[in-house]
Each structure stands twice: as C-alpha cells, then as structure tokens.
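Asks: Here's my sequence, what's the structure:
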Amino acid sequence: MIAFLADENLKGKIMGGLLRRSPSVDVVRAQDVGLTGVDDRILLEWAAGHNRILLTHDVQTLVGFAWESVRTGTPMAGVIVLGRNLRVSEAIEELLLIAECSEPEDWAGVVAYLPL
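Replies: Numbers count the residues shown, from 1 in each chain. Purely as a prediction, here's the structure:
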C-alpha cells in the first residue's frame, strides 16, 4: 500500500481534500511527525526509512537532494512534485490514482512531477 509524507509547505487544501475524498489514504504531514524545519536530506531519509513517498512543491532544493540520493545509492522512497499552479482538484485526483493503482516499489528512486 502506498504511504505519503507531505512536506510542511504542501498546500493544506490538497491534504484536506485528499483525506475527505478517501479517508483511508495513508498520508502524514512532516509537522505531525516532528519534522518541522528539518533539512531536506533529513526529510528524505525519514521518508525512505518509513517507506513513504514525499509530496512537495519544492523544486529548488529537495529535488536536487532526491537525485543525489539516487546517484549515491542512498534509499529514496520517491518524490512527487506538485506544481504550484496545479489545481487542487487535479492534484487530489492524481494522488488518489497513484495511491490506488501503484505499489511502493514503483516509486523507489523516482522523482515525478504532477500532472503526470
């Protein structure tokens, strides 16, 4: 089953809408697991250790660290980048599709951008 970690800057409307549409989606926010303000590398490490795909809007730093993990062979559960201009409803639909139609191993070492 797919599990997500939303970084602390992910739009709250996406989280709220995702959980309203499908309360069974396994998603936690960084701030709810004690990861507020941590370095992106720590966030990626925690996500990998808990087999959670990281959801973010951050293309400036986090994506670079994700690719660095892949290059060095460091475990990386996957990163999904949601464009800031992506409509909330579209983001929710795509995340539900990912949660329902894929497996965690499909995302290991992957950086994907929504919309797919």
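Asks: now for the host helix or strand of Glu68, which elements pack on it?
Replies: Of the helices and strands defined by DSSP states H and E, Glu68 is found in helix 62-72. With contacts defined as 3 or more Cβ pairs under 8 Å, 6 or more residues apart in numbering; DSSP states H and E, helix 62-72 has these neighbours: helix 40-49, strand 53-56, strand 79-82, strand 111-114. Quick note: C-beta positions are derived from backbone N, CA and C, even for glycine.
Asks: Out of those, which gets nearest to Val27?
Replies: strand 53-56 (7.6 Å; Cβ to Cβ).
Asks: which outside residues touch the closest one?
Replies: 2-7, 9-10, 14, 27, 43-44, 47, 62, 66, 77-82, 95, 98, 104, 107 (Cβ atoms under 8 Å, 6 or more residues apart in numbering).
Asks: Please enumerate residues in contact with the helix holding Glu68?
Replies: 7, 40-41, 43-44, 48, 54, 56, 74-76, 79, 81, 109, 111.
Asks: what does stretch 30-39 give?
Replies: 5-8, 42-43, 46.
Asks: Out of those residues, give me the two with the largest separation.
Replies: Most distant of the contacts of stretch 30-39, by Cβ to Cβ, are Ala6 and Ile42, 15.3 Å apart.
Asks: Tell me the buried residues in the biggest helix by length in the chain?
Replies: For the chain, the helix with the greatest residue count under DSSP state H is helix 88-101. Using 16 or more other Cβ atoms under 10 Å as the test for burial, helix 88-101 gives 91-95, 98-99.
Asks: ditto for stretch 106-115
Replies: Within stretch 106-115, the residues that qualify as buried are 107, 109, 111, 114, counting by 16+ other Cβ under 10 Å.
Asks: Just the terminal-to-terminal distance for it.
Replies: Its start and end residues considered, stretch 106-115 measures 17 Å (Cα to Cα, to the nearest Å).
Asks: and what of stretch 14-32?
Replies: Note: stretch 14-32 ends 16 Å apart using Cα to Cα.
Asks: what's the spacing between it and its chain's center?
Replies: Relative to its chain's centre, stretch 14-32 lies at 11 Å (Cα atoms, centre = their mean, to the nearest Å).
Asks: Can you add pLDDT and distance to Leu19 and give the buried residues of stretch 106-115 back as TSV?
Replies: Listed next are the buried residues of stretch 106-115 as TSV, based on pLDDT from 0 to 100; distance: Cβ to Cβ, whole Å:
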residue	pLDDT	distance to Leu19
Trp107	97	20
Gly109	97	27
Val111	97	24
Leu114	95	17
